[in-house]
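1. Model the following, please.
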Amino acid sequence: MIHLLDNASFEKFSVYKFSINYPSVCRVEFNPKSRRESGDVVFHFPDKEKVFLSWGDLEKVQKRFSTVEEQAEHGIKTVSKSGAVKGCERVVRDSIEINSHKAAYNHIRLKETVGGGLFGGSKTVQREGYSAHLQCENSSRYFVIYTLLSANAPQDFGDLMKTMIDSFRCH
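-> Model prediction:
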């Protein structure tokens with residue numbers, strides 16, 4: 001069993017006055033359409049897992065959602081209604097603090113149908129998802145850090161996500 005946090009070396013990704021620590025084994029892909037006001041970056045792991053960091057205009061998101069919890073709930077509903085998802089169970093819902101802000105942290109478990117390939121048929125796989133949503137008045141932006149893991153992701157990926165989330169600085 002691979003343990004991601006054993007001997008993990010981290011580097012700091014920093015842009016537009018926010019930052020996050022990520023494992024140095026990752027390839028970082030910055031969306032070329034990203035701007036100071038909104039955008040996203042993806043941290044690609046060698047085993048094909050990905051962690052996303054997205055940001056956007058705080059005023060726009062606050063017009064749609066009165067709380068960060070509502071915003072997080074909307075994200076979970078969107079994922080659970082996607083085509084191949086056949087079930088969604090919340091494992092953890094928590095209120096955490098990130099860089100002095102109240103944030104919504106969620107861990108979900110999905111059952112997803114995947115195709116059987118050449119000979120047809122399909123099977124159901126279980127996937128784990130983790131997310132943290134926060135709204136930062138200081139920078140006038142909201143931030144979402146999330147992943148939807150493959151069925152064969154390392155078991156301690158949730159711990160790695162928590163380490164990355166705890167390192168986040170929004171201003």
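
2. so who does the residue lying closest to residue 69 once chain neighbours are set aside touch?
-> Among residues not flanking residue 69 along the chain, residue 104 sits closest, at 4.8 Å (Cβ to Cβ, 6 or more residues apart in numbering). For glycine as for every other residue, the C-beta is placed from the backbone atoms N, C-alpha and C. Contact partners of residue 104, counting by Cβ atoms under 8 Å, 6 or more residues apart in numbering, are 68-69, 71-72, 93-95, 131-134.

3. Out of the residues you listed, the closest to residue 86 would be?
-> Residue 86 has its nearest neighbour among the contacts of residue 104 in residue 131, at 20.1 Å by Cβ to Cβ.

4. any idea which element the closest one lies in?
-> strand 122-136 (DSSP states H and E).

5. now do residue 29
-> With DSSP H and E as the criterion, residue 29 is inside strand 27-30.

6. what pairs with the residue nearest the centre of the chain across the strands?
-> Central residue of the chain (Cα atoms, centre = their mean): residue 146, 0.3 Å from the mean position. As for beta bridges, residue 146 partners with residue 52, residue 131 under DSSP bridges.

7. residues in contact with it?
-> For residue 146, the contact set (Cβ under 8 Å, 6+ apart) comprises 51-52, 54, 75, 129-132.

8. again, 7 Å this time
-> Contact analysis of residue 146 by Cβ atoms under 7 Å, 6 or more residues apart in numbering lists 52, 130-131.

9. Can you redo the residues you listed as JSON lines, where the extra columns are neighbour count and distance to residue 33?
-> JSON lines is the format used below for those (neighbours: other Cβ atoms under 10 Å; distance: Cβ to Cβ, whole Å):
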{"residue": "52", "neighbour count": "16", "distance to residue 33": "14"}
{"residue": "130", "neighbour count": "23", "distance to residue 33": "25"}
{"residue": "131", "neighbour count": "22", "distance to residue 33": "22"}
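
10. Helix or strand next in line after the single longest helix found in the chain, which one?
-> In the chain, assigned by DSSP state H, the helix with the most residues is helix 68-80. Downstream of helix 68-80, the first helix or strand assigned by DSSP H and E is strand 85-98.

11. Can I get the helix or strand just after that next one as CSV, trimmed to CA atoms?
-> Later in the chain than strand 85-98, the nearest helix or strand by DSSP H and E is strand 101-115. Output in CSV follows, covering the C-alpha atoms of strand 101-115 (Å, rounded to 0.1, in the frame of the first residue of the first chain):
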residue,chain,number,x,y,z
HIS,A,101,-12.1,32.1,7.5
LYS,A,102,-14.9,29.6,8.2
ALA,A,103,-14.9,27.0,5.5
ALA,A,104,-17.2,24.1,4.5
TYR,A,105,-15.4,20.8,4.3
ASN,A,106,-17.0,17.7,2.8
HIS,A,107,-16.1,14.1,2.0
ILE,A,108,-18.5,12.2,-0.2
ARG,A,109,-18.6,8.6,-1.5
LEU,A,110,-20.1,8.0,-5.0
LYS,A,111,-21.2,4.9,-6.7
GLU,A,112,-20.5,5.3,-10.4
THR,A,113,-21.3,3.1,-13.4
VAL,A,114,-18.4,2.6,-15.8
GLY,A,115,-18.6,0.9,-19.2
